[in-house]
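Q: Pasting a predicted model and its sequence here:
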Amino acid sequence: MKRRGEEGWTFMETIIVIAIVLILSSTVGYVAVRNIPRSRVAAAKSQIDSFSAALESFYIDCGRYPNEEEGLAALWAKPDSAEGWAGPYLVKKIPKDPWGHEYVYRNPGAEGFPYGILSYGEDGKEGGADHDADLGSWDG
């Protein structure tokens with residue numbers, strides 16, 4: 001005869017609960033992993049936008065955008081030829097893109113823009129489609 005308070009779960013009930021938890025956690029994990037590529041694209045676009053804002057501040061202070069030799073590094077460390085530089089214009093050094101590649105800075109930029117910032121996407125090569133597509137500051 002069982003005493004009061006000694007009731008518990010049976011082995012089968014415990015196995016069922018564990019199975020339910022595993023099913024739910026694997027479903028959540030699948031959804032999260034499926035959205036990683038989209039999250040990387042969003043992160044790259046956000047970083048490019050913050051670089052663009054910093055470049056505008058650089059322009060206001062120096063009267064020009066950094067040349068290609070100075071690159072995005074001019075937003076963090078003062079170039080020798082940047083009169084009026086009041087940076088750093090970013091909170092931290094220039095990060096790599098979400099795929100681990102360096103951002104590309106061009107001056108002048110594509111499509112008539114004064115500068116261009118781009119990430120070559122997952123493959124790190126110019127061109128491509130889907131996750132390998134290039135992301136540029138002029139894409140909007």
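A: In hand now; what should we look at?
Q: C-terminal to the helix or strand bottoming out on mean pLDDT in the chain, which secondary structure element comes first?
A: The least trusted helix or strand in the chain, going by mean pLDDT, DSSP states H and E, turns out to be helix 11-34, with a mean of 80. Counting by DSSP states H and E, the element after helix 11-34 in chain order, helix or strand, is helix 36-62.
Q: residue contacts, the residue lying closest to residue 68 once chain neighbours are set aside?
A: Once flanking residues are discounted, residue 68 sits nearest to residue 107: 5.2 Å by Cβ to Cβ, 6 or more residues apart in numbering. Glycine gets a C-beta too; all of them are placed from N, C-alpha and C. Each residue near residue 107 by Cβ atoms under 8 Å, 6 or more residues apart in numbering is listed here: 65, 66, 67, 68, 114, 115, 116.
Q: re earlier: tilt between the least confident helix or strand of the chain and helix 36-62?
A: Following axes from the mean of the first three to the mean of the last three Cα atoms, to 10 degrees, one obtains 40 degrees for the angle between helix 11-34 and helix 36-62.
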